[in-house]
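In: Any chance you could fold what I've pasted below:
(chains A, B, C and D)
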Number of protein chains: 2
Amino acid sequence: MKKITIGEAARQSGVKVPTVRYYESIGLLAAPSRSESNQRSFEPADISRLAFIRHARELGFEIEAIRTLLTLQDDPHQSCASADAIAKARLIEVEQRIRSLMALKAELEIMMDGCGHGRVDQCRVIEVLADHGQCTHPHH
Amino acid sequence: MKKITIGEAARQSGVKVPTVRYYESIGLLAAPSRSESNQRSFEPADISRLAFIRHARELGFEIEAIRTLLTLQDDPHQSCASADAIAKARLIEVEQRIRSLMALKAELEIMMDGCGHGRVDQCRVIEVLADHGQCTHPHH
DNA sequence: TCTTGCACCTCTAGTCGCTAGAGGATGTAG
DNA sequence: CTACATCCTCTAGCGACTAGAGGTGCAAGA
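Out: A predicted model of the protein is given here:
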């Protein structure tokens, strides 16, 4: 029985030390046992859980969604439908976000193209921002 | 001389009432004059400024960037280079964000494809989240 | 005239997901 | 034994608002 310190847990899971404590404080991670000197002592399962959380966060899932995904993981006999729904919702979100960012990109490019690099009073960047009517791209 | 109330200013600029007050509080918008009964009384120029801010926010510029853009707008004899640089930085940010979201989308799609819609213990969604090694897409 | 109801005012606190820092205890290497 | 790293708890801060409490002012209908 090796005792895993919070630092080690952080290193292995890729989650930062204060973030590990934060996850414990919001109940995403069960409070681990403590050593005689009150230091947290994690188990391998905790590392997996932290890695799960980290990966899900990287994929942009919100903490509450992750909480649901974790309870599903904890009870493997449940239907997979909720996990499916959460992932699908996230996919739709991501697709929407990509579309809107592409529109932004187009608008920014138009802005930049029009900039003669002279003085502000000839600057399309400022001008376009000031008057949305000049914005040729219909992103909204 | 018509007096523009905060509600009217909000309606015309598309910025919400509390947000207008917030912008005033952080000095993005000059404090307008007040009526006898202490109500804010805006001028047309304030509406333009609010619309400018709103459009810039829609394009994802941060408040501090907008603050700089506004000072540029206020002094039209300055070089346009700063505005240019801010817009360019934003464009690069947006492009990066699009790339990373595309990678996420791919990973989410792989996850969903593998889901047999059965029970959690056969669910690829949970499984992929739990073990990043299974994530075939090299987005990081 | 009353009263209803809306728009306005200020101020504080909450949101999300951490991150930073204070101030102190403990563990480890030389 | 002395550094120094790591751990502990607690509080406050970030950005850009948003929500709510508690109060004033104003116009229109009964």
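In: can you tell if the one helix or strand A:Asp84 maps to touches chain B?
Out: Remark: A:Asp84 resides in helix A:81-113, with elements defined by DSSP states H and E. Yes. Counting by Cβ under 8 Å from any Cβ of the partner chain, chain B has neighbours in helix A:81-113: A:81, A:83-84, A:86-88, A:90-91, A:94-95, A:97-98, A:101-102, A:104-105, A:107-109, A:111-112. For the C-beta atoms, the positions are set from N, CA and C on the backbone; glycine is no exception.
In: and the residue nearest in space to the middle of chain A, what does it touch?
Out: What sits nearest the mean C-alpha location of chain A, by Cα atoms, centre = their mean, is A:Gly60, with 3.2 Å. Residues in contact with A:Gly60 (Cβ atoms under 8 Å, 6 or more residues apart in numbering or on different chains) are A:Arg90, A:Glu93, A:Val94, B:Leu104.
In: just the residues you listed that are near DNA strand C?
Out: With Cβ under 7 Å from any atom of the strand as the criterion, the contacts of A:Gly60 include none near DNA strand C.
In: Can you pick out the most distant pair from those residues?
Out: Greatest spacing in those, by Cβ to Cβ: A:Glu93 and B:Leu104 (9.9 Å).
In: all strands of chain A, in order?
Out: A:33-34, A:40-41 (DSSP state E).
In: which strands and helices sit next to the first one?
Out: To tie it back to what came earlier, the one meant is strand A:33-34. Applying 3 or more Cβ pairs under 8 Å, 6 or more residues apart in numbering or on different chains; DSSP states H and E, one finds that strand A:33-34 contacts strand A:40-41.
In: hang on, the earlier thing: hmm, which of the residues of helix A:81-113 next to chain B are the buried ones?
Out: A:83-84, A:86-87, A:90-91, A:94, A:97-98, A:101, A:104-105, A:107-108, A:111-112 (16 or more other Cβ atoms under 10 Å in any protein chain shown).
In: Out of these, which is nearest to B:Leu69?
Out: A:Met111 (11.4 Å).
In: I figured that closest one was touching B:Arg90, is that so?
Out: No. Shown here, A:Met111 and B:Arg90 do not form a contact pair, counting by Cβ atoms under 8 Å, at 9.5 Å.
In: Residues in contact with both of those two, list them for me.
Out: Where contact means Cβ under 8 Å, 6+ apart, no residue is in contact with each of A:Met111 and B:Arg90.
In: Show me the shaky parts of chain A.
Out: Within chain A, the set of residues satisfying pLDDT under 70 comprises A:1-2, A:115-122, A:132-140.
In: need the residues of it near DNA strand C, please.
Out: Counting by Cβ under 7 Å from any atom of the strand, the residues of chain A close to DNA strand C are A:16, A:18-19, A:22, A:35-39, A:57, A:62-64.
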